[in-house]
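**Q** only geometry, no sequence info:
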């Protein structure tokens, strides 16, 4: 039968396609190109709306005052972290991670780093704290699609087949917005993958190899099934170092740090990165204001 003739790799691709098509409930609906949506951009409260034709997505003018959420870096504005309850005077803290969402404006966060660096744990925590973002782990998606574990994929199909399937997962995932993604340690080494990661903010969790070995000791990591796993880990880290260090944000993790401490450090680093890299339209708007010019009407 046709099913019997399918190779394991073909079955993996089919299962992956089925999973991506069903698991991401927040995926945008397909665009009907024969029925383009009429979109409105409200330029001001008093001016009539301008009607444009666009391809199926609701869109607001990012340069308008109404569209700018106006959320600032809470670490540089303590008032954003604290508010006072009028009845009993108690202080209520706002989670800085919750304030990341409006500042990112849908931009994805990708965690990269070596195996055992905590990408999945930290990514999941931050997504939950942000509130409006979903968390995805590329390794977990791949295992669910294949129906077997990653070590089994390595054993039956080899590393190259795994990397190809891993790239397919990222290709499907990166098209969505408002997600925090944990990636496999070697995913960054393919240029096609790196270009997709750069559509979002890339966070590198940097952990010393000795600390990683303590974390993953006794596990069945396929690439560390060698006579000297620590040396193998150091070699892999050196091979990937140049790509890892191109991340937008690097968070150094020290031994003994709790997952909450690491998550807090990541959130702060992301807020600082957004401050240091404002979007081009915002820079132009600020310059126009400084020059005493009216912004585009």
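**A** On my side now, so go ahead. Bear in mind the structure is a predicted one, so any value in this text is a computation, not a measurement.
**Q** C-alpha only now, for contacts and for neighbours.
**A** OK.
**Q** need the longest strand for this structure.
**A** strand 201-207 (DSSP state E).
**Q** Give me the residues contacting that one.
**A** 107-114, 117-119, 244-245, 247-254, 266 (Cα atoms under 8 Å, 6 or more residues apart in numbering).
**Q** what about the strands in the stretch 151-297 of the chain?
**A** In the stretch 151-297 of the chain, the strands defined using DSSP state E, counting those that start in this stretch lie at 179-182, 201-207, 249-253.
**Q** Quick check: bridge partners of residue 134?
**A** residue 179 (DSSP bridges).
**Q** Wait, it touches residue 126, no?
**A** No - taking Cα atoms under 8 Å as the definition, residue 134 is not a contact partner of residue 126, at 9.6 Å.
**Q** Quick check: neighbours shared by these two?
**A** residue 180.
**Q** Between the two, which has more neighbouring residues?
**A** Taking other Cα atoms under 10 Å, residue 134 and residue 126 do not tie; residue 126 has more neighbours (24 against 19).
**Q** hmm, back to that, so what strands line up beside the longest strand of the chain?
**A** Short version: by DSSP bridges, strand 201-207 pairs with strand 109-112 (parallel), strand 249-253 (parallel).
**Q** coming back round to it: any chance of TSV for the strands of the stretch 151-297 of the chain, columns distance to residue 97?
**A** Formatted as TSV, those follow (distance: least, Cα to Cα, whole Å):
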stretch	distance to residue 97
strand 179-182	12
strand 201-207	15
strand 249-253	16
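**Q** would you list those in TSV and tack on mean pLDDT and mean neighbour count?
**A** TSV is the format used below for the strands of the stretch 151-297 of the chain (pLDDT from 0 to 100; neighbours: other Cα atoms under 10 Å):
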stretch	mean pLDDT	mean neighbour count
strand 179-182	95	25
strand 201-207	96	21
strand 249-253	96	18
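**Q** Look at the nearest residue to residue 216 once chain neighbours are set aside and say how many residues are nearby.
**A** With Cα to Cα, 6 or more residues apart in numbering as the criterion, residue 216 has its nearest non-adjacent residue at 6.1 Å, and that residue is residue 116. When neighbours are counted by other Cα under 10 Å, residue 116 registers 20.
**Q** residues in contact with residue 116?
**A** The contact partners of residue 116, taken as Cα under 8 Å, 6+ apart, are 212-213, 215-216.
**Q** Just the buried residues of those residues.
**A** The neighbour count (16 or more other Cα atoms under 10 Å) marks 212-213 as buried among the contacts of residue 116.
**Q** now the contacts of residue 116 in CSV, with pLDDT and distance to residue 168?
**A** Listed next are the contacts of residue 116 as CSV, based on pLDDT from 0 to 100; distance: Cα to Cα, whole Å:
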residue, pLDDT, distance to residue 168
212, 84, 27
213, 82, 29
215, 79, 29
216, 72, 27
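**Q** In helices, which of the contacts of residue 116 fall?
**A** Counting by DSSP state H, those place 212-213, 215-216 in helices.
**Q** Just give me the closest of those residues to residue 275.
**A** residue 212 (31.4 Å; Cα to Cα).
**Q** can I assume that closest one is in contact with residue 113?
**A** No - using Cα under 8 Å, residue 212 is not in contact with residue 113, being 10.9 Å away.
**Q** re earlier: for the contacts of strand 201-207, I'd like a selection string for ChimeraX - just the buried members, please.
**A** Buried subset of the contacts of strand 201-207, written as a ChimeraX selection, criterion 16+ other Cα under 10 Å:
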select :107,108,109,110,111,112,113,114,117,118,119,244,247,248,249,250,251,253,266
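**Q** all helices for the stretch 101-250 of the chain, in order.
**A** Assigned helices in the stretch 101-250 of the chain, in chain order: 119-130, 138-146, 150-157, 159-173, 191-197, 209-216, 229-244 (criterion: DSSP state H, counting those that start in this stretch).
**Q** which residues are in contact with the fifth one?
**A** Right, helix 191-197. Helix 191-197 has contacts (Cα under 8 Å, 6+ apart) with 110, 167, 170-171, 174, 187-188.
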